[in-house]
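# Need the 3D shape of this:
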Amino acid sequence: MGEKSVQKRKYILDTAKKVFVEKGYKSVTMKDIVEACNISRGGLYLYFDSTEQILLEILQMEAEETDDVFTQNITEEDTAADILTLFLKEQKKELLQKNNLTVAIYEYFFGQQAADKNNMLRRQFEAGVKVIEKLIEAGIASGEFYCENPKGAASNIMYVLEGMKINAQTFGVTEKMVDEQLLYIMEGLIID
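As a prediction, the model looks like this:
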């Protein structure tokens, strides 16, 4: 794929993301994306076959960008507590962001088979649990954290974050509400 094609593909994904943020997933059509991008129908189908393919590529792109931002902000001097705090701060940004893909993501995945092990949402959740579990274990080893069940604590943290994502979209969350939950998480781990 040439540079111009790569740029066009990125433009379509960036523009389609705005459409998904505005309309969710279920009501978005390829026509909506064609109109938003101001391209021909054939021009869109040259790159993508369906709204599902576009959404999944947007989610993959966002996951890679988030991983890059997160890993770029970690230094060798950072402790497990520092890294967990950074992770939670990134989650807080997402929770407080008004224009995000949460509604589209849940609409899409509610229509999928929940038991499917290839479900991207499930894989991301499980990857988050593993990362947090490893951070908790590193914090225990360094004497920063106390936790008898790192995997259970990591799962609990991810469930709290997912619950707050839903709350943010249904009845709203304030920065104070998010801070209280994140502080509760950290207080449950840190040794005084």
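# so how many other residues sit close to F109?
Using other CB atoms under 10 Å, F109 has 17 other residues around it. In short, each C-beta sits where N, CA and C put it, glycine included.
# same check, this time on the one 10 residues further on
Each residue near N119 was counted by other CB under 10 Å, and the total is 15.
# Tell me the secondary structure of the closest residue to it other than its chain neighbours, please.
With CB to CB, 6 or more residues apart in numbering as the measure, Q112 is the residue that lies nearest to N119, at 6.0 Å, once sequence neighbours are left out. Of the three states, Q112 takes coil under DSSP: H, G, I helix; E, B strand; the rest coil.
# any idea which element the residue nearest the centre of the chain lies in?
The centroid of the chain falls nearest to A63 when counting by CA atoms, centre = their mean (6.2 Å). Element membership for A63, per DSSP states H and E: helix 51-72.
# outside of that helix, which residues touch it?
With contact meaning CB atoms under 8 Å, 6 or more residues apart in numbering, helix 51-72 is reached by 12-13, 16-17, 20, 25, 28-30, 33, 48, 86-87, 90, 101, 104-105, 108, 120, 124.
# Going along the chain from the worst-scoring helix or strand of the chain on mean pLDDT, find the next helix or strand for me.
Scoring the helices and strands of the chain by mean pLDDT, DSSP states H and E places helix 51-72 at the bottom, with a mean of 85. Note on helix 51-72: by DSSP H and E, the next helix or strand toward the C-terminus is helix 80-96.
# contact partners of that next one?
Under the criterion CB under 8 Å, 6+ apart, residues 66, 69-70, 73-74, 78, 100, 131-132, 135-136, 138-139, 142, 144-145, 161, 164-165, 168, 173, 175, 178-179, 182, 185-186, 189-190 lie in contact with helix 80-96.
# So which bits of the helix or strand E22 falls within are buried?
Remark: E22 resides in helix 3-23, with elements defined by DSSP H and E. Residues of helix 3-23 classed as buried: K8, I12, L13, T15, A16, K17, V19, F20, V21 (neighbour count, 16 or more other CB atoms under 10 Å).
# And for stretch 160-169?
If you call a residue buried by 16+ other CB under 10 Å, then stretch 160-169 has these buried ones: L161, M164, K165, A168.
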